[in-house]
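*Asks:* Fold the following, please.
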Amino acid sequence: MFAKKLLHKAVLHHSNHSKFQHHRGLKSSELDPRIVIHYGIPSTASVLAFDSIQRLLAIGTLDGRLKVIGGDNIEGILISPKQLPYKHLEFLQNQGYLVGVLNDNDIQIWSLESRSLVCSLEWESNITAFSVISGSHFIYVGDEHGSFSVVKFEAEEGQLLKSSYDLSAKFLREAAGFSDYSDQPIVGILSQPSSFGNRQEIRSLYSYFLLLIAFQDGLLILWDIAESKIVFVGGGKDLQLKDHGSDSSIEPDTNVPSDSIEQNLGDKEISALCWASLSGSILAVGYLDGDILFWNLSSTAPSKGQQTSSKNVVKLQLSSAERRLPVIVLQWSSNQKSRSDCDGQLFVYGGDEIGSEEVLTVLTLEWSSGMETVKCISRADLTLSGSFADLILLPRAGAMELNTKADLFVLTNPGQLHFYDSDNLSALTSQQNRTPSIDALEFPVLIPIADPSLTVTQLVRLPSESTSSKILTEVASVLRTGSTPSLATPSHWPLTGGVPSHLSTPKGSGIERVYFAGYSDGSVLVCDATHPVLSYICYIEGEVKDIKVAGSSAPVTKLDFCSVSLLLAVGNESGLVCIYDLQGHSDGRNCHFVTETKSEVHESPQGKGTHCSAVISLLGSPVQALSFSNSGTKLAIGYSSGRVAVCDMTSMSVLFMIDSVPISSSPITSMIWKEQARFHSALNSPKQSETSSTGNSLEEIIFISSRDGKINIVEGDTGKMISSQPLHVKESTAISIHVIGKEFCITEDSIATTEATNDRHEEEPLKDTASASPDEPVRESNPTGINSAEAESSSSEVTAAGDLLFDPLVLLCCENSLRLFSAKSLIQGNKKPIRKVKDTKSYYWTTILKKDDKYCGLLSLLQTGIFEIRSLPDLELVTESSLLSILRWNYKVNMDKTLCSDANGNIALANGSELTFISLLAGEDKFRNLERLPCLHDKVLAAAADAAFRFSSSQKKKQISAPGILGGIVKGFKGGKASPTNMIKIQPSNFMHLEDKFYKSPRSDFHQTVSDELELNIVLKTQHQNLLHCGTDDIEIDEPITEVSTYSPNVKNKQKDNLREREKLFEGATSDDVKPRLRTPEEIMATYRKTGDASSAAAQARNKLVERQEKLERISQRTAELQSGAEDFASLANELVKTMERRKWWQI
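*Replies:* Okay, the predicted model is just below:
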């Protein structure tokens, strides 16, 4: 018996294979899922980054996705191979690359041009701090062990290389004078925006040479990369901060306590930090206990082991409560109207009392002239809509300073982005209310999904050979001006990056694909989906203006569009169906109000935009299905009550209204129109002689399926049943029905053979079913009864005379099975399927796939979020995928309502605030072509910005190099030598100096710097002490300046003499305890005793005094002459520089 079963299965498989082997099914090699369009912000968004030149915003998520947003509806999505959160994200400014760090410490480089992952580098330890040097390919990395490293991205080779430049925690703490070598994590790395003091001339152009490194235990180190030394040390366990006055406290009107600060800073862990001045002289540091300290870095750095002065630190508290939230985020923006570079606004998240409302605090600060006190002018708490995720300040357009920021982006969960412009933020200072009402701009979504909520969608591809594409293209320009949604991007929206592809908008191209979106307020949005950037065609409001009908603004439940007549049918929950003519000329400007018994004509006022040509109100039951006939002259309406109505679109009247299946009230799921000519042989059977007597082979019939698994076939003109009895698949929930075209038609002989084989195959399972009858299909177990999904209708098929002997196939998709029937067998009452696939998983939505305008596969969505793709007509499984693997989405209830397909392998899905279009089939479809996607990196803008930066740098170089040149010339007059050091350091756009530094160990430079500083200190101290002993009598003025030639024969002797004089000059200078020695009277007499009497001695002394006075006068006169000469020379040099700048290159 067991062998007999196997034999039956083998015969069945061979029979089906032979029957379908001449049909070309879908192959796995023909599938290549690719995300073409993605709009909206993912609900898992967590971190922000901004390119100030390209004006692009990047958003990292918790599921390994990167969202890039530009202007003009240009958006892109990058999906990491790893489904892990991004904890750090930055742009390589103006270079077309995005750098992200995953939770597993994988550093990734993404190309915005190719939208692909270029390279990655797995870090060996936990990355706790991350920063990119603006304008370069260098990246700073700090880890959990307190080590600082430098990584370089080689763009040409596509590699991330770790340099030999590293600073360990032990090395930095030893250099700072600390004996504690515990591995404290680095929590912050900041490049100083510019410097101060006597280094301003050079450091203002070399901000990346000074680097602030912050450790978790509170230690702050300002490290000089160029000279490999520490410039400033603050905080730390061994440093005490004491202040008993009120000079360093916030003034009383800020609600901050003014008690004295006496605390071991080593107990305060750093949680956030930022620069709080344009020059980098003030550093704002937030701590885990909720405190905020402002560090003045412009003062002299404390020596090793010394205490930090309280005058260099100002304390700020947002709340006087004992338990406060940690300061999570600190950002600072300068006040452009103030002369002080320290005045501005501080944005703080955290620091308030535990349990308080989640807000973003904005403090307006003003500093005193000595930067010892700070005054809080105002405080504003911005209420957040959702839990806080991240914020970022945007530099003003064209601003050169790093901290010249004005606009603000705030990211909250789930996936909400709010924008505050500079005008709104500046207005906070004038508002007395602590929680002011400030208008924030929400992210302007192209296709709204949440507000109002998206209820139903449809994606339609217009026939390539029809004139509808051309007509709709011509009408679209008029419709856009007449009806525009209030969702346009604001004029002052800061994101303008990206460039549309020139291939996506060729001249003379028409609309090939249209996307329809219906909403809960009854409105409909119509978009051109021909290219990877959607654009509006028209916006239809929910309320019908022409006729006052109750329920016209009810949620949209079903849409259908006829590509022949360009009519759009919109059905809603109230049972109304509104017909819109996108051509705009249907019956003038009249609107028909159609009921079951009458049709009224109402005159509509003239106006631009879409025109409602008819409102059909037949039943109060929600509309569940809509389907235009192939010619567009009839419309079938399926209701939730199980009834079906067919209306004539020419006369705007009701042709008939029937029950889909007698004695059934199950909701309608699908309706498909087909021409009777395809079923000519079946209709001429004895059972259908009455039906075929009409002789009209061009009339159409309707396939109707209901949710309870029933299929009925009726005439499209009269509603009469064509099939002998409706098909009923018991205990199954029907999802959709598809009628497959002529390429899969089979002959009568193959149908009979297959049905017989299937009958024998089904005999065994039926033995255990007592209630089964021989003419019924197998009953399915465990039905789950869920909401059905509507299938895509096949339309506009042309039948030739030679095809009349063929029979199309009907595919019924149920919740737990797929059944393939012969259309002729259904009409004749035969209920046995040709193919049947049972699945323990529940199907939720299905659609047919076409390739080269031929049916090739079936796409199904399961309730588990799995996509199944099966070939047609054998229904063999080709491949499986999932929403999670493609989009990182989880399946949600009612997702099928907003899921649609154009049957050419392009599907549109909506989830949360995201809308995406996926192209499944590989090929040369221009919709999925990468070259037609908008470019996320503007190369022209990048080149222009680089040229402008080089020009600006050259101007600064001329201004700063002039004093160096003049100094060299002056030194030349005196026989000195001009040092080339300053000339090399004034090239701000040249990162070769950084590369030289980063590819050798900083420790050797550090030790050499320490040795040089010790030697320099000894020399300076010696010279200072000798100058104290040098009297006015030793001043020589009139001696001529002689230059020593290195070719002189006596040069060696002179060098020896100079060496002796140098040794004599520095004799005894190395002693640290040099004190004046009391000379004996004998030594004084030996030095000053002169021969002669007292009168001669007095005369000699008088002459000495006169000579001394004359020398002093000559010194003063010579000083004035030198000063005047220097001024004249400087004026002459400036005139020379201006003259040379005006000359052309051929005049030099």
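*Asks:* Ends of stretch 192-210, what's the gap?
*Replies:* Start-to-end span of stretch 192-210 (C-alpha to C-alpha, to the nearest Å) is 6 Å.
*Asks:* give me the number of residues near the nearest residue to residue 574 once chain neighbours are set aside?
*Replies:* Using C-beta to C-beta, 6 or more residues apart in numbering and skipping the chain neighbours, the partner closest in space to residue 574 is residue 551 (2.9 Å). Glycine gets a C-beta too; all of them are placed from N, C-alpha and C. For residue 551, the count of nearby residues is 14 (other C-beta atoms under 10 Å).
*Asks:* Next one: residue 551 from residue 593, what distance?
*Replies:* 13 Å (C-beta to C-beta, to the nearest Å).
*Asks:* Kindly report the same for residue 63.
*Replies:* 50 Å.
*Asks:* neighbour-wise, which of the two wins?
*Replies:* residue 63 (22 against 18).
*Asks:* and the residue nearest to residue 574, what is it in contact with?
*Replies:* Counting by C-beta atoms under 8 Å, 6 or more residues apart in numbering, residue 551 touches 572, 573, 574, 575, 576.
*Asks:* Need phi/psi at the third one.
*Replies:* Here the main-chain torsion angles of residue 574 (degrees, to the nearest 10) amount to phi -80, psi 0.
*Asks:* From residue 96, how far off is residue 110?
*Replies:* Counting by C-beta to C-beta, the gap from residue 110 to residue 96 is 10 Å.
*Asks:* Same check on residue 339?
*Replies:* Counting by C-beta to C-beta - residue 339 and residue 96 are separated by 38 Å.
*Asks:* higher neighbour count, the two?
*Replies:* Each of residue 339 and residue 96 has its neighbours counted (other C-beta under 10 Å); residue 96 has more, 21 against 6.
*Asks:* which ones are touching that one?
*Replies:* Residue 96 sits next to 111, 112, 113, 936, 937, 939, 942 when contact means C-beta under 8 Å, 6+ apart.
*Asks:* now swap in residue 537 and tell me
*Replies:* Residue 537 neighbours (C-beta under 8 Å, 6+ apart): 472, 476, 479, 480, 511, 514, 526, 527, 528, 582.
*Asks:* Quick check: which element contains it?
*Replies:* Taking DSSP states H and E as the definition, residue 537 sits inside strand 535-540.
*Asks:* now that strand: mean pLDDT?
*Replies:* Regarding strand 535-540, the rounded mean pLDDT is 89.
*Asks:* Paired strands for it, with orientation please.
*Replies:* Using DSSP bridges, the strands paired with strand 535-540 in its sheet are strand 524-528 (antiparallel).
*Asks:* quick one: average pLDDT of the partner strand?
*Replies:* Mean predicted confidence for strand 524-528 is 93.
*Asks:* just stretch 471-479 next, same as before
*Replies:* Averaging pLDDT along stretch 471-479 gives 80.
*Asks:* Check which residues of it are buried.
*Replies:* 471, 472, 473, 475, 476, 479 (16 or more other C-beta atoms under 10 Å).
*Asks:* ok, these vs residue 188, which is closest?
*Replies:* Nearest to residue 188 among the buried residues of stretch 471-479, counting by C-beta to C-beta, is residue 476 at 52.5 Å.
*Asks:* Please, which helix or strand holds the nearest residue to residue 725 once chain neighbours are set aside?
*Replies:* Closest residue to residue 725 apart from its sequence neighbours, by C-beta to C-beta, 6+ apart: residue 829 at 5.5 Å. Per DSSP H and E: residue 829 is located in neither a helix nor a strand.
*Asks:* for the record, mean pLDDT for the host helix or strand of residue 140?
*Replies:* Taking DSSP H and E as the criterion, residue 140 maps to strand 138-143. Averaging pLDDT along strand 138-143 yields 94.
*Asks:* Next SSE downstream of it?
*Replies:* Note on strand 138-143: by DSSP H and E, the next helix or strand toward the C-terminus is strand 148-154.
*Asks:* Buried residues, that following strand. List them.
*Replies:* Residues 148, 149, 150, 151, 152, 153 are the ones in strand 148-154 that count as buried (16+ other C-beta under 10 Å).
*Asks:* ditto for stretch 103-120
*Replies:* 105-112, 115, 117-120.
*Asks:* again with stretch 884-904
*Replies:* Residues of stretch 884-904 classed as buried by neighbour count (16+ other C-beta under 10 Å): 886-889, 891, 895-904.
*Asks:* List just the nearest of these to residue 101.
*Replies:* residue 888 (18.3 Å).
*Asks:* all helices for the stretch 301-450 of the chain, in order.
*Replies:* Ranges of helices within the stretch 301-450 of the chain are 422-426, based on DSSP state H, counting those that start in this stretch.
*Asks:* Residue ranges in it under the pLDDT threshold?
*Replies:* 301-311, 370, 396-405, 429-435, 437 (pLDDT under 70).
*Asks:* what's the weakest-modelled helix or strand in this structure?
*Replies:* Lowest on mean pLDDT, DSSP states H and E among the helices and strands of the chain sits helix 981-985, with a mean of 32.
*Asks:* Could you list every helix and strand in contact with the following helix or strand past that helix?
*Replies:* Counting by DSSP H and E, the next helix or strand C-terminal to helix 981-985 is helix 992-998. Helices and strands touching helix 992-998, by 3 or more C-beta pairs under 8 Å, 6 or more residues apart in numbering; DSSP states H and E, are strand 148-154, strand 159-167.
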